[in-house]
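Student: Sequence first, predicted coordinates after that:
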Amino acid sequence: GDSVTQMEGPVTLSEEAFLTINCTYTATGYPSLFWYVQYPGEGLQLLLKATKADDKGSNKGFEATYRKETTSFHLEKGSVQVSDSAVYFCALSDSGNTPLVFGKGTRLSVIA
Amino acid sequence: NAGVTQTPKFQVLKTGQSMTLQCAQDMNHEYMSWYRQDPGMGLRLIHYSVGAGITDQGEVPNGYNVSRSTTEDFPLRLLSAAPSQTSVYFCASRGRGRNEKLFFGSGTQLSVL
C-alpha cells in the first residue's frame, strides 16, 4: 500500500538557519502531496501542496517540489524563525475517498 | 464558516465509562475522519466516512464506534473507556478529489483514569 517516510526528529536549528525536512513516498498511482504543520496545542493545518510532478508548493517562505523520479517531496526554508517551531507532517492522497497517508511527523525547534 | 468543530476540548473519564466526542463541519464535506495522536507519536486513523450512512475502519478502530447519519456530523463513541485510550483526538474533513486539503478540528484531550 501507499506509504510516506519522513526524517525523524527532533530537529533543532538556530534562527536564520536553512531547513530541510526529507520526505519520500511510495504510491501505486499519481498522488497529490502535502505538508501539514501543527503548532503547539493546535490541530494540523495545511502548509503547502503539489498535485503533479515538478509542481512546487510554497507558503510562508517554505517550499517543496514534487519529484516523481526520486519519489520525494522535501520541505525547505531558507531562513527559519522561532515562530516556525512546530511539528511538520508529510502526506499523500491518492483519491478523495480514501484517507490521507501521513508520515510520522518531524518536530522542529528553532532557538534564538 | 466555522470549519470543523469538536467538543469537548477536554474530558476526564474513569475506566469503564462511556462518552461521545462530537464533530461537526459546515463545509458540506462528504469525507470525515477521526485520528488519535499520542505523545511523541504521529496520527493514527481510527474511523472514516465517505458520506452519510457509510463508515469504514482505520488503523486503530477497536474500542471506538462511529455513525454518520448526516453530512455535517460524525460522532466518535467510546463504549467502555480504558487508560490506553488516553490521547488527543482530532476530527478532520475534506472535499471531493485527491487535491482537496484536510481541515482539522482543534482537538479533544481525553484522559482515562
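Tutor: Received, thanks. The structure presented is a predicted model; accordingly, all values stated were derived computationally and were not measured.
Student: chain center to stretch B:61-77, what's the gap?
Tutor: 7 Å (C-alpha atoms, centre = their mean, to the nearest Å).
Student: next one: stretch B:95-107
Tutor: 13 Å.
Student: can you check stretch B:60-74 too?
Tutor: The chain centroid and the centroid of stretch B:60-74 are separated by 7 Å under C-alpha atoms, centre = their mean.
Student: Would you mind pulling the contact partners of it?
Tutor: With C-beta atoms under 8 Å, 6 or more residues apart in numbering or on different chains as the test, stretch B:60-74 has contacts from B:22-26, B:28-30, B:32-34, B:36, B:44-47, B:49, B:51-55, B:75-80, B:82, B:84-85, B:91, B:93. Every residue, glycine included, has its C-beta placed from N, CA and C.
Student: How about that stretch, which residues are buried there?
Tutor: Buried positions in stretch B:60-74, judged by neighbour count with 16 or more other C-beta atoms under 10 Å in any protein chain shown: B:60-61, B:64, B:66-68, B:71-72, B:74.
Student: Secondary structure added to the residues you listed, as JSON lines?
Tutor: Putting these into JSON lines (DSSP: H, G, I helix; E, B strand; the rest coil) gives the following:
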{"residue": "B:Val60", "secondary structure": "coil"}
{"residue": "B:Pro61", "secondary structure": "coil"}
{"residue": "B:Tyr64", "secondary structure": "strand"}
{"residue": "B:Val66", "secondary structure": "strand"}
{"residue": "B:Ser67", "secondary structure": "coil"}
{"residue": "B:Arg68", "secondary structure": "coil"}
{"residue": "B:Thr71", "secondary structure": "coil"}
{"residue": "B:Glu72", "secondary structure": "coil"}
{"residue": "B:Phe74", "secondary structure": "coil"}
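Student: Can you tell me which of the residues you listed is nearest A:Met7?
Tutor: B:Val60 (24.2 Å; C-beta to C-beta).
Student: how close does the closest one sit to B:Gly42?
Tutor: 12 Å (C-beta to C-beta, to the nearest Å).
Student: Please apply the same query to A:Phe18.
Tutor: Taken as C-beta to C-beta, the span from A:Phe18 to B:Gly42 is 25 Å.
Student: The spatially closest residue to B:Gly97 that is not a sequence neighbour: neighbouring residues, count only.
Tutor: For B:Gly97, ignoring the flanking residues on the chain, the nearest one in space by C-beta to C-beta, 6 or more residues apart in numbering or on different chains is A:Gly96 at 4.4 Å. The tally of other residues near A:Gly96 (other C-beta atoms under 10 Å in any protein chain shown) stands at 17.
Student: and the nearest residue to A:Lys60 once chain neighbours are set aside, what does it touch?
Tutor: Nearest residue to A:Lys60 in three dimensions, chain neighbours excluded: A:Leu47, at 7.1 Å (C-beta to C-beta, 6+ apart). A:Leu47 makes contact with A:34-37, A:59-60, A:62, A:75, A:88 under the criterion C-beta under 8 Å, 6+ apart.
Student: Now restrict those residues to buried residues only.
Tutor: A:34-37, A:62, A:75, A:88.
Student: Alongside chain B, which residues does chain A contribute?
Tutor: A:31-32, A:34, A:36, A:42-46, A:49, A:51, A:89, A:91, A:93-97, A:99-100, A:102-105 (C-beta under 8 Å from any C-beta of the partner chain).
Student: Inside helices: which ones of those residues?
Tutor: Among these, DSSP state H puts none in helices.
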